[in-house]
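A.B. asks: okay, sequence plus prediction incoming.
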Amino acid sequence: MAFSKGMGAFRTSSRILAVLLSLLCLSTAQAQDYDNIVVLEASETFSYDLREALLTAQPGTVIELPEGTFQFSSDVIILTSHITLRGKGMDKTILSFKGQADGAEGIQVFADAFVAEDFAIEDTAGDGLRIEGSNGVVIRRVRVEWTNGPDENNGAYGLYPVLCENVLIEDSVVKGASDAGIYVGQSKYIIIRNNIAEYNVAGIEIENSQYADVYGNLAQNNTGGILVFDLPGLTQAGHHTRVYNNTSINNNTKNFAPAGNIVGKVPTGTGLMILATDYVDIYDNVVTGNKTGSMLVSSFNTVTIIDGTPIPDGYDPYPEFINIRDNVMHRQSGYPWSSGEMGILIALDFLIHWKKVSDIIVDGVARDSLVNAQICISENKHVDGKDSSFGNIRMSEVSTLFKWLGLPAGGLLTTDITPHQCLNTSWDGVELAPWPEVPEPDAEYTDEEVAALCATEGTAVNSGAFVVDCPLLSSYRLFDDASDPTQNANGGIPYDLISPLFTDYASKYRFVYVPEGSQATYSDIDIFDFPIGSVIVKTFAAEAIGHDQQILEVRLLIKRASGWVGLPYVWNAAISDAELANEGAVLSAMVSNEAGELIALDGYAVPRKNQCASCHRKSGDLFRPIGPKAKLMNSVLDYGDVVENQLAHWADAGILVGAPSDPVDAPKSVDWKDESASLDERARAYLDVQCAHCHIEGGRADATGLHLNEEESNATSYGVCKTPVAAGSGSGGLLVDISPGAPDDSIMAYRMQSNDPAVRMPELGRSIVHTEGANLIRDWISAMPGSCQN
């Protein structure tokens, strides 16, 4: 194996020259200004004004934020590409999410070509600024901070691009993240420069990412300064990261990551750390005052040795092809007894050998030999010019003394640097690609045109109005009786799901409208492919024993030429019509649970229009339905005049093409409440419908590596003994998603039983715990054989 095409041997270059070259390579990636500028004013309704501006913005819009501190009670979601959010300065425009009640993140972005600059995000329940699946990201002069200081209850990540390409983060500040201040995960072509990260667990972390340049940053007073990690079970392995011209000093803040998170294993007092990744070039950094080590290089085997975390098949746990050269590296004196498990092993190993702890420490675990691993170390110095010291703690072996002490490995320290006296070849710096072109905007309609389309007279469905968002549900004429959206669809066909998504015990009435002469295309596995002009309607009603039915909301999915759009409607006080609720609503109602017990809801949440994508979005900016698929509809339904299998009925009605002539040949999920099915079938069916719209390949939670669709056959992938990724406080201090036989030790059970916005799963769609569903998953986990220690 060799490095990619490069320029010969590593050589220390001028810092100024390096910065100039990096600036040149960014020339095509700088964020551009747009002619369309929306200026928001400071007001008590600012949070609403910002969401409304983002909802109506076309691609190629700058939204200017005013000076001031503005309170947000729920997250902000951006779905439109080529948007720039620009404030008046990171200490002048402050978006505060303190006491956030809805949504875990501060700002979530699911769009290409996004720019954030000159504002601050404070005190989010979860991540500060999360950007997912974007091509083209610039974050500059943005501050994310948890103002209470280091605390395990803080959000996990400050600046968090994941599954992105062409990322630039510069001149920003992050403080107080309980995982990583600046974290770039499973991404490509990344530049992180000239930022300040302090009082986080990890200051800056590059995880499972490819082609990253990290330079000019200050990481101080974190637990660990700068980390380059590769973790198992994710969408890609990382490689080719350059870390240079950074200052990583005094990173001695006690590790405050919630237990169960991998960053919780980072020893307090770590300057730089490499874990299980390949092709890393570390040079021209100043790394001093860190009490455990200036530089740690570890395989994932050491994590396994310390806490028993299993190494899954197909994962490469070894760091290889690393250069650590020409740095100033001088750790703080003393032994790191208070730096966690790894710190204790290091301290004891050096002490029994009567040696000072080294500046540069490797765990000595390699695929075959350290020589072949090519972990090359040279020309690292103290400030006074003395050589930085080196130590290999040999974690693949255990000494007699350590074994007698009950320690799992180590005790055979060597300071022989000979296997590391090598020099790898180099590769070119990161060059960010030009962004995608600004797309043509959707057709825009004036208020008068919208009013005219929605007021079109007639008796049939008002399909001409499907191109706009009508303020009143009745304008579409979807029901014979506009005041009753639970029955008598006007040209639509009712349908049901074998196992529906839980929404606070609300009853649901579903209908589908397909344009005359058109058909949806059947799929065995995926959502049916509907033609343009299709509408899916779902009415939510609160039904409780001894109480009148209360219609709560109606949600529409309309397929337009540009794709699906979700519209939430809330029933008016007169119970005569539903009004468009772009900002959602919080309602009160009475419902009955499965046992017939009455439950008073005081926080039933109707989603905001932009929140629909949180569940309905898949990779490639694909917004789509969730429920209409073969395995969830392969059941019999009473249509009034006939009782028939739903797939056959749709085919007979001419709205579905390609379905098997006999439904027995189509897949079918079990009803999770059907006790005649096996416990495993019921649990997997429940997780599929509740969670797999996100936890599936290409879904929003794909980056976690936890895939909960029924078709997933790999036990680790659906959670068994799987360590969490990006869980933050959601881990609950637990180590794995599913611990066989032990639901109380399983993150999955913990999150399903929680109603904390930063913890609960699913994140949206419920204000109370689904007790019956949570109990099913607990029973399933309890019945699992084996353990994570085997």
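C.D. replies: Structure's in. What do you need?
A.B. asks: what does the domain assignment say about this protein?
C.D. replies: Following automatic domain parsing, one finds the domains of the chain at 221-433, 460-665, 679-783.
A.B. asks: and S499, how many residues sit next to it?
C.D. replies: 21 (other C-beta atoms under 10 Å). For the C-beta atoms, the positions are set from N, CA and C on the backbone; glycine is no exception.
A.B. asks: A574 now?
C.D. replies: Neighbours of A574 (other C-beta under 10 Å): 7.
A.B. asks: give me phi/psi at it?
C.D. replies: phi -80, psi 0 (degrees, to the nearest 10).
A.B. asks: so how far is D524 from it?
C.D. replies: Distance of A574 to D524, given as C-beta to C-beta, to the nearest Å: 45 Å.
A.B. asks: one step back: least reliable of the domains of the chain going by mean pLDDT?
C.D. replies: Of all the domains of the chain, mean pLDDT reaches its minimum on domain 679-783 (a mean of 85).
A.B. asks: measure that domain end to end?
C.D. replies: Criterion C-alpha to C-alpha, to the nearest Å; first-to-last residue distance in domain 679-783 is 9 Å.
A.B. asks: give the contact list for the closest residue to A101 other than its chain neighbours.
C.D. replies: Spatial nearest neighbour of A101, excluding adjacent residues (C-beta to C-beta, 6 or more residues apart in numbering): S73 at 5.3 Å. Residues counted as contacts of S73 (C-beta atoms under 8 Å, 6 or more residues apart in numbering) are 47, 97, 99-102.
A.B. asks: by neighbour count, which of those residues wins?
C.D. replies: Highest neighbour count within the contacts of S73: F97, with 27 neighbours (other C-beta under 10 Å).
A.B. asks: check contacts around the spatially closest residue to that one that is not a sequence neighbour.
C.D. replies: Computed as C-beta to C-beta, 6+ apart, the closest residue to F97 that is not its neighbour in sequence is T124, at 4.3 Å. For T124, the contact set (C-beta under 8 Å, 6+ apart) comprises 97, 100, 104-106, 144, 146, 155.
A.B. asks: so which residues of the stretch 301-450 of the chain form helices?
C.D. replies: All helices of the stretch 301-450 of the chain, identified by DSSP state H, counting those that start in this stretch, fall at 340-352, 370-373, 400-404, 447-454.
A.B. asks: do you know which of those lies nearest T716?
C.D. replies: Nearest to T716 among the helices of the stretch 301-450 of the chain is helix 340-352; the distance by C-beta to C-beta comes to 23.3 Å.
A.B. asks: so what does the closest one touch, helix or strand wise?
C.D. replies: strand 293-298, helix 300-307, helix 400-404 (3 or more C-beta pairs under 8 Å, 6 or more residues apart in numbering; DSSP states H and E).
A.B. asks: for it, which outside residues touch it?
C.D. replies: Residues contacting helix 340-352 (C-beta under 8 Å, 6+ apart): 255, 264-269, 292-293, 296, 298, 302, 306-307, 335-337, 339, 356-358, 361, 391, 393, 395, 401-402, 405, 407, 409-413.
A.B. asks: re earlier: restricted to strands, list the contacts of S73.
C.D. replies: D102 (DSSP state E).
A.B. asks: nearest to Y513, of the contacts of S73?
C.D. replies: Looking across the contacts of S73 and measuring by C-beta to C-beta, the closest to Y513 is D102, at 30.6 Å.
A.B. asks: could you dump the contacts of T124 to a markdown table with distance to N245 and pLDDT?
C.D. replies: As requested, those are exported to a markdown table (distance: C-beta to C-beta, whole Å; pLDDT from 0 to 100):
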| residue | distance to N245 | pLDDT |
| --- | --- | --- |
| F97 | 34 | 95 |
| Q100 | 37 | 84 |
| A104 | 35 | 76 |
| E105 | 31 | 89 |
| G106 | 30 | 95 |
| V144 | 23 | 99 |
| W146 | 28 | 98 |
| G155 | 29 | 92 |
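A.B. asks: now, which of the residues you listed sits nearest E64?
C.D. replies: Using C-beta to C-beta, G106 comes nearest to E64 of the contacts of T124, at 18.7 Å.
A.B. asks: in space, what's closest to the closest one - neighbours in sequence excluded?
C.D. replies: Spatial nearest neighbour of G106, excluding adjacent residues (C-beta to C-beta, 6+ apart): T124 at 3.9 Å.
A.B. asks: which SSE is that neighbour in?
C.D. replies: Following DSSP states H and E, there is no helix or strand that holds T124.
A.B. asks: and for R555, the neighbour number?
C.D. replies: 18.
A.B. asks: for it, give the beta-bridge partners.
C.D. replies: When assigned by DSSP bridges, R555 has beta-bridge partners K538, P568.
A.B. asks: who's in contact with it?
C.D. replies: R555 is in contact with 537-538, 540, 566-569, 607, 612, counting by C-beta under 8 Å, 6+ apart.
A.B. asks: cool, and V109?
C.D. replies: 77-78, 129-132, 134, 137.
A.B. asks: turn those into CSV, including neighbour count and pLDDT.
C.D. replies: As requested, the contacts of V109 are exported to CSV (neighbours: other C-beta atoms under 10 Å; pLDDT from 0 to 100):
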residue, neighbour count, pLDDT
I77, 24, 90
I78, 23, 93
L129, 29, 98
R130, 25, 96
I131, 26, 96
E132, 22, 92
S134, 25, 93
V137, 29, 98
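A.B. asks: thinking again about what came up before, now, which of the contacts of T124 sits nearest I37?
C.D. replies: Distance to I37 across those (C-beta to C-beta) is lowest for G106, with 23.2 Å.
A.B. asks: pretty sure that closest one sits against F97.
C.D. replies: Yes - here G106 reaches F97: they are 5.0 Å apart, a contact under C-beta atoms under 8 Å.
A.B. asks: so for stretch 677-693, what gets flagged as buried?
C.D. replies: Applying a neighbour-count criterion of 16 or more other C-beta atoms under 10 Å, the buried positions in stretch 677-693 are 681-693.
A.B. asks: among the residues you listed, which are located in helices?
C.D. replies: 681-691 (DSSP state H).
A.B. asks: my read: I527 touches A630, true?
C.D. replies: No - I527 lies out of contact with A630 (C-beta under 8 Å); the separation is 9.6 Å.
A.B. asks: follow-up on the earlier one: and the furthest pair within the contacts of V109?
C.D. replies: Across the contacts of V109 (C-beta to C-beta), the longest gap, 15.9 Å, separates I77 and V137.
A.B. asks: neighbours around D213, how many?
C.D. replies: For D213, using other C-beta under 10 Å, the count is 26.
A.B. asks: quick one: contacts of the helix or strand containing P494?
C.D. replies: Per DSSP H and E, P494 falls inside strand 493-495. The contact list for strand 493-495 (C-beta under 8 Å, 6+ apart) reads 487, 509-513, 628, 633, 637, 639, 646, 649-650, 653, 655.
A.B. asks: that older thread, overlap in contacts of G106 and F97?
C.D. replies: Common neighbours of G106 and F97, using C-beta under 8 Å, 6+ apart, are 72, 75, 121, 124.
A.B. asks: what's the closest of those to V184?
C.D. replies: For those, the nearest to V184 is I121 (17.2 Å; C-beta to C-beta).
A.B. asks: and the closest one, what are its phi and psi?
C.D. replies: When read as degrees, to the nearest 10, the backbone of I121 gives phi -120, psi 130.
A.B. asks: before I go, just wanted to say thanks for your time.
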